[in-house]
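> Give me the fold of what follows.
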Amino acid sequence: MRIEHIALWTQDLERFKRFYVDYFGAAAGSGYVNPAKGFASCFLSFGDGARIEAMTTTTLNPMVIEPGAQRMGLTHFAVSLGSEAAVDVLTQRLKADGYPVLDGPRRTGDGYYESVVLDPDGNRVEITA
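Numbering: from 1, shown residues only. Below you'll find the model as predicted:
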């Protein structure tokens, strides 16, 4: 058993796709649009088979929370880059491009080498080695 994908609402599907393609090497699928339901989505695939379904809607009003807010439920997801050097490089690149870095890079008490950044919609993303 494995988690097949996670789904995240976004207010700007193209901006969301660009972020994960440009910084994390995701491959964007062709997308899906259902005009009757005011729904559009696109799967972003990563090398190991993990996927994010980025979704937007014109008929629902997903609750907008403060960027990076700690809340019950999904609070972050982690992307492993394979090395501490890769974590350092990507964290600095994101910071230089104006994305908030909330923590790190650092070694955590449970042994991870990580940083925590916010994506364009304020979702916490752990970047790990």
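
> Which residue ranges of this protein form helices?
13-24, 84-96 (DSSP state H).

> closest to Thr57 out of the ones you listed?
Closest to Thr57 of the helices of the chain, according to Cβ to Cβ: helix 13-24, at 10.2 Å. Just so you know, the C-beta spots here come from the backbone N, C-alpha and C atoms, and that holds for glycine as well.

> got the buried residues for that closest one?
13, 16-17, 19-20, 23-24 (16 or more other Cβ atoms under 10 Å).

> any chance of those in CSV, plus distance to Ala54 and pLDDT?
Compiled in CSV, the buried residues of helix 13-24 are given as follows (distance: Cβ to Cβ, whole Å; pLDDT from 0 to 100):
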residue, distance to Ala54, pLDDT
Leu13, 6, 96
Phe16, 5, 97
Lys17, 6, 97
Phe19, 10, 98
Tyr20, 8, 98
Tyr23, 14, 98
Phe24, 13, 97
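
> any idea which of the residues you listed is closest to Phe39?
Leu13 (10.7 Å).

> Might you report the residue contacts of that closest one?
Counting by Cβ atoms under 8 Å, 6 or more residues apart in numbering, Leu13 touches 31, 40-42, 54-56.

> Since that was my last question, I'll sign off now.
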